[in-house]
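Asker: any chance you could fold what I've pasted below:
(2 chains)
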2 protein chains.
Amino acid sequence: MTNRVDIHYCTGCRWLMRSAWMAQELLTTFEGELDELTLHPGTGGIFEVWVNGTQIWSRKEQGGFPDIKQLKQLVRDKINPQRDLGHSDRQV
Amino acid sequence: MTNRVDIHYCTGCRWLMRSAWMAQELLTTFEGELDELTLHPGTGGIFEVWVNGTQIWSRKEQGGFPDIKQLKQLVRDKINPQRDLGHSDRQV
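Answerer: Modelled structure (predicted):
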């Protein structure tokens, strides 16, 4: 199975650096489990994260950005639910 | 037309940070022109850059990594050949 993450970010809001940081966190934590991670420049305040075509985060719906621990838990739940993320699995 | 960049990097060689840096450089320089940029973790010393399905860099063929100016010129040549990159268009 191919595991794919997509991050959509608003360029006008200057969220590239934030998105690239999250991309590196995910590619590091899920090394060997993620096959590709795509950054999608967008507009209008978009910030969304998708895993294998399912949306796991929307800034507009959730009212902000995910904590990086929370984001890793959400990705883990989609690609490898049995995996223990160690210190990233404590309560946020 | 959708413009897409793909960067394949070797995780064992620890080239994620280099690749993520190049990704941010390209997404910044080509804001409004690139639609997506995908990072592909790989193995075996791979470092390749593709634009719209055409390979523009291969570490194994070219014997190393591109200078960032050179990489921007190669991407520009594929997605907007008429564009002047300013100081990134001087001779390397």
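Asker: tell me which element the residue of chain A found nearest chain B falls in.
Answerer: Nearest to chain B in chain A, going by Cβ to the nearest Cβ, is A:Thr38, at a distance of 4.2 Å. Placement of C-beta: from N, CA and C, glycine included. Under DSSP states H and E, the secondary-structure element containing A:Thr38 is strand A:36-42.
Asker: go on, A:Ile7?
Answerer: Here A:Ile7 sits within strand A:4-10, counting by DSSP H and E.
Asker: is A:Glu61 in a helix, a strand, or coil?
Answerer: Reducing the assignment at A:Glu61 to three states with DSSP: H, G, I helix; E, B strand; the rest coil gives helix.
Asker: now A:Trp50
Answerer: Look at A:Trp50: counting by three-state DSSP, its state is strand.
Asker: show me what it is bridged to.
Answerer: A:Trp50 forms beta bridges with A:Asp6, A:Gln55, as assigned by DSSP bridges.
Asker: what about the nearest residue to the residue of chain A closest to chain B once chain neighbours are set aside, how many residues nearby?
Answerer: By the measure of Cβ to Cβ, 6 or more residues apart in numbering or on different chains, the closest residue to A:Thr38 outside its immediate chain neighbours is B:Thr38, 4.2 Å from it. The burial metric for B:Thr38, expressed as a neighbour count using other Cβ atoms under 10 Å in any protein chain shown, is 20.
Asker: per-residue pLDDT of B:Thr38, please?
Answerer: Looking at B:Thr38, its pLDDT stands at 98.
Asker: list the contacts for it?
Answerer: Contacts of B:Thr38 were listed using Cβ atoms under 8 Å, 6 or more residues apart in numbering or on different chains, and they are A:Glu36, A:Leu37, A:Thr38, A:Leu39, B:Arg4, B:Val5, B:Asp6, B:Ile7.
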